[in-house]
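Engineer: model this:
(one chain, ligands or ions: 1)
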Amino acid sequence: MSSKLSTDQVQQIAKIIDEYRDQQGSLIPVLHKVQSIFGYLPDEAQKQVAYGLGIPVAEVYGVVTFYTLFNTEPSGQYIIELCMGTACYVKGAVDVQHEIESQLGIAINETTKDGKFTLRFSRCVGACSLAPFMTIGEDVYGRVKQEDVQRILSKYH
Ligand code: FES
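Structural biologist: Next up is the predicted model:
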């Protein structure tokens, strides 16, 4: 995806790169900070980071796609994070996932066309007694069942 960055954004990225330029292993912290400017990592921003740190663009893309921490697409207004840790998985998180996907017409890591929801997996967040566990924005939902999904999502419409 290609997007044009504003002069201000280019300057912000340049500042972050300058802070980390001579440090080993700076790529991930730099990408993390750059992502916080946009909420995701636009193509152009990844390229600027590559040039700025003197790293091949392909290597930056590789890191961005490898780590689930990084997103290459803008997120929806509400991010649904469904835990796929062992406890949640065993208690039926996959059924919840499928229900959310079918209700919203998206797959994991996708955003609804109206820009409202993005669905993501999370690792165990330590709320295993509430498995299956998910969050929507700041809201927390425990022991979510497939049949609860429609009611929960309807709160955000
Ligand atoms: S496995 Fe989901 S909160 Fe621990």
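
Engineer: CA atoms for contacts and neighbours, from now on please.
Structural biologist: Noted.

Engineer: contacting residues around the longest helix seen in the chain?
Structural biologist: Secondary structure of the chain per DSSP state H: the longest helix is helix 7-20. With Cα atoms under 8 Å, 6 or more residues apart in numbering as the contact definition, helix 7-20 has outside contacts at 26, 30, 33-34, 37, 45, 48-49, 52-53.

Engineer: residue contacts, Lys47?
Structural biologist: For Lys47, the contact set (Cα under 8 Å, 6+ apart) comprises 57, 60.

Engineer: cutoff 10 Å now
Structural biologist: By Cα atoms under 10 Å, 6 or more residues apart in numbering, the contact set of Lys47 is 41, 53, 55-58, 60-61.

Engineer: Gln146: which of those is nearest?
Structural biologist: Checking the contacts of Lys47 against Gln146 with Cα to Cα, the nearest one is Leu41 at 32.4 Å.

Engineer: what does this protein have sitting close to the ligand?
Structural biologist: By Cα under 6 Å from any ligand atom, the residues of the chain that approach the ligand are 83-88, 124-128, 131, 133.

Engineer: any quick ChimeraX command for the buried ones out of those residues?
Structural biologist: What follows is the ChimeraX syntax for the buried subset of the residues of the chain next to the ligand, where burial is set by 16 or more other Cα atoms under 10 Å:
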select :83,84,85,87,88,124,128,131,133
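
Engineer: where is pLDDT lowest across the residues of the chain next to the ligand?
Structural biologist: Lowest pLDDT among the residues of the chain next to the ligand: Val125, with 91.

Engineer: how many other residues sit next to Leu119?
Structural biologist: Taking other Cα atoms under 10 Å as the neighbour definition, Leu119 ends up with a count of 24.

Engineer: quickly find the element holding it.
Structural biologist: Leu119 belongs to strand 117-122 when elements are defined using DSSP states H and E.

Engineer: any idea how far that strand is from the chain center?
Structural biologist: When distances are taken as Cα atoms, centre = their mean, to the nearest Å, strand 117-122 is centred 7 Å away from the chain's centroid.

Engineer: also stretch 52-71?
Structural biologist: In terms of Cα atoms, centre = their mean, the centre of stretch 52-71 is set 15 Å apart from its chain centre.

Engineer: all set now, cheers.
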